[in-house]
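K.L.:
Sequence first, then the predicted structure, then my questions.
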Amino acid sequence: MDFDLIVLGSGPGGYPAAIRASQLGLKVAIVERENLGGICLNWGCIPTKALLKSAQVYSYINHAEDYGIKVSKASADFDKMISRSRGVADGMSKGINFLMKKNKITVIEGEGKLVRGKKLVVTDKAGSKKEYKATNIIIATGARARALPNVPIDDKKVIGYRKAMSLEKQPKRMVVIGAGAIGVEFAYFYNSIGTEVTVVEYMENGLLPREDKDVSKELNKVFKKAGVTVMGNTAVQSVDTSGKTVKVTVKSNKNDKEQVIECDVVLSATGITPNTENIGLEQLGINKSKGGHIEVDDFYQTSVPGIYAIGDILATPALAHVATAEAITCVEKISGMNVHPINYKIIPSCTYCSPEVASVGMTEEDAKSAGYDLKVGKFPFSASGKASAAGAKEGFVKVIYDAKYGELLGAHMIGMNVTEMIAEMIVAMNLETTGHEILKSIHPHPTMSEAIMEATAVAYGEVIHL
């Protein structure tokens, strides 16, 4: 059972690596212990978006009169929302299985472990072991939810993101610990369908604290208006699950004031930890960082020649599209193609709550700290004809340019469909497009995307519609 390449893990890094390798003529196998598609397709990116769409539709129905439509009062069927989400995930996983067959990739089910000699020993569900050999191996085992030391996840009263997508019953009250993308998306979903939600975030800015401060401020305002309690700059002291309800003790980082929040369930959304245990790294002498991430070169080769690593097990941004880009770069390098390292300064970040959030490049604060003289423009959707017509006037587009050369340094958006709009800015940055070129590129009217042109016009003192 010799292969040119074996990929360990079939998530958004693993399965594209296998497909691209097959396209390039390599004999490929992929090892998966659970479901093809990994966390992203089965428990992350895709099923969460299905839940968020259900929440959005429910919200539209409840505000139908704003659009001149009379409907009877809607009610959220939590079980059917969960069931629809799982159905979408199952369909996507079956789609990956089809792609494996189409590309003549051998799928090996079981737990894979590296052994010397570029071999993998795979243990199936029955406990049987089988050895496979490859010229090259790519490790793409992804990551899992990270629990705080004082908040152990029991999947009953303290849950991670997987359980949050498959709860048997909708909680009346939920505390979300962590206000990154995962925490914010679940806070939006559960609040939208009637759960009383409190978000606790250690960092000062509250929701999405790593985004541009203007974006975080706007999202905090929208969430609070929707009834979500947001507690930024606050630390979780303890979680007591001994009673019928859960008691979460938190303390303000500002004044050391403590308070107890009572709820039915706690969602721990404090980040992820790489799945690097029990896969044979130590036996082979593959180097890891202090944070547990695998160390690689510019083309994802580990300290052991012929063994590579991609995705969330690296210290690169833990995003599905990053894992896919790393996969393709890695495989093309293995195949002898002339490839360039990924530019990690041009990585889009998206959060799919409502309003959506999307960004790429430097924040205004980062750009100032880097010593740039800036031209900054911000165009609110309240001044957008399309946004007004759609009833989605919340948010804005903010663009950041280097005043000297016109280089686009960053773009930050909050509003309807901005996760689709951000692609324009990624292409612009990749092509080293200047602000003047964006300003002179005719954008269609009326669209949400013309706010990019308008924000650029603000930066250059040429805005028409403000």
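P.N.:
It's in.
K.L.:
For residue 339, give me its contacts.
P.N.:
By C-beta atoms under 8 Å, 6 or more residues apart in numbering, the contact list for residue 339 reads 299, 329, 332-333. Every C-beta, even on glycine, is put in place using the N, C-alpha and C of the backbone.
K.L.:
could you redo the last one with a cut-off of 7 Å?
P.N.:
329, 332-333 (C-beta atoms under 7 Å, 6 or more residues apart in numbering).
K.L.:
so which of the residues you listed comes closest to residue 222?
P.N.:
Comparing the contacts of residue 339 against residue 222 with C-beta to C-beta places residue 329 closest, at 37.0 Å.
K.L.:
Show me the helices in the stretch 151-300 of the chain, by range?
P.N.:
161-164, 181-192, 213-225, 281-284 (DSSP state H, counting those that start in this stretch).
K.L.:
Deepest-packed of those helices, please.
P.N.:
Comparing these by mean neighbour count (mean count of other C-beta atoms under 10 Å), helix 181-192 comes out on top with a mean of 25.
K.L.:
is it true that residue 198 touches residue 261?
P.N.:
Yes: contact criterion C-beta atoms under 7 Å: residue 198 and residue 261 qualify, at 5.6 Å.
K.L.:
The two: who's more crowded?
P.N.:
Each of residue 198 and residue 261 has its neighbours counted (other C-beta atoms under 10 Å); residue 198 has more, 21 against 18.
K.L.:
Neighbours of residue 304, how many?
P.N.:
By the criterion of other C-beta under 10 Å, residue 304 has 16 neighbours.
K.L.:
List the buried residues in whichever helix in the chain runs longest.
P.N.:
Ranked by residue count under DSSP state H, the longest helix found in the chain is helix 78-102. For helix 78-102, the neighbour count (16 or more other C-beta atoms under 10 Å) marks 78, 81-82, 84-86, 88-89, 92-93, 96, 99-100 as buried.
K.L.:
ok, now stretch 368-381?
P.N.:
Across stretch 368-381, burial judged by 16+ other C-beta under 10 Å covers 372, 374-381.
K.L.:
Select, from those residues, the two members most distant in space.
P.N.:
Top of the distance list for those (C-beta to C-beta): 372 and 381, 26.4 Å.
K.L.:
Run through the residues that contact the nearest residue to residue 313 once chain neighbours are set aside.
P.N.:
Leaving aside its chain neighbours, residue 313 sits nearest to residue 274 (4.3 Å; criterion: C-beta to C-beta, 6 or more residues apart in numbering). For residue 274, the contacting residues are 143, 292-293, 312-313, by C-beta under 7 Å, 6+ apart.
K.L.:
from the chain's centre, how far out does the lowest-mean-pLDDT helix or strand in the chain sit?
P.N.:
Using mean pLDDT, DSSP states H and E, helix 38-43 stands out as the lowest-scoring helix or strand of the chain, at a mean of 82. Relative to the centre of its chain, helix 38-43 is centred 12 Å away, using C-alpha atoms, centre = their mean, to the nearest Å.
K.L.:
Run through who's touching that helix.
P.N.:
Applying C-beta under 7 Å, 6+ apart, the set of residues contacting helix 38-43 from outside is 9-12, 14, 35, 46, 89, 92-93, 96, 142, 161-162, 165, 320.
K.L.:
6 Å - rerun?
P.N.:
With contacts defined as C-beta atoms under 6 Å, 6 or more residues apart in numbering, helix 38-43 is touched by 10-12, 35, 89, 92-93, 142, 162, 320.
K.L.:
which element follows it toward the C-terminus?
P.N.:
helix 45-62 (DSSP states H and E).
K.L.:
Are there helices or strands packed against the helix or strand encompassing residue 136, and which ones?
P.N.:
According to DSSP H and E, residue 136 maps onto strand 129-139. Strand 129-139 sits against strand 2-8, strand 119-123, strand 307-309, with contacts defined as 3 or more C-beta pairs under 6 Å, 6 or more residues apart in numbering; DSSP states H and E.
K.L.:
The helix or strand following it packs against which elements?
P.N.:
Heading C-terminal from strand 129-139, the first helix or strand you meet, by DSSP H and E, is strand 143-145. Using 3+ C-beta pairs under 6 Å, 6+ apart, the elements in contact with strand 143-145 are strand 272-274.
K.L.:
Off-centre distance for the strand it packs on?
P.N.:
Relative to the mean C-alpha coordinate of its chain, strand 272-274 is positioned 13 Å out (C-alpha atoms, centre = their mean).
K.L.:
and if you look at stretch 345-358?
P.N.:
Distance of stretch 345-358 from its chain centroid, counting by C-alpha atoms, centre = their mean, is 8 Å.
K.L.:
what does stretch 72-88 give?
P.N.:
Remark: stretch 72-88 is offset 23 Å from the chain centroid, using C-alpha atoms, centre = their mean.
K.L.:
At which residues are the strands of the stretch 151-300 of the chain located?
P.N.:
Taking DSSP state E, counting those that start in this stretch to define them, one finds strands in the stretch 151-300 of the chain at 158-159, 173-177, 196-200, 229-231, 234-240, 246-252, 258-263, 265-268, 272-274.
K.L.:
Make TSV out of the buried residues of helix 78-102 and add pLDDT.
P.N.:
Formatted as TSV, these follow (pLDDT from 0 to 100):
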residue	pLDDT
78	94
81	95
82	94
84	94
85	94
86	92
88	93
89	90
92	91
93	89
96	94
99	96
100	96
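K.L.:
what residue lies at the spatial centre of the protein?
P.N.:
Among the residues of the chain, the one closest to the centroid is residue 319, at 5.0 Å (C-alpha atoms, centre = their mean).
K.L.:
who touches it in this structure?
P.N.:
Taking C-beta under 6 Å, 6+ apart as the test, residue 319 contacts no residue whatsoever.
K.L.:
Isn't residue 453 up against residue 445?
P.N.:
No: at 9.6 Å, residue 453 does not count as touching residue 445 under the criterion of C-beta atoms under 6 Å.
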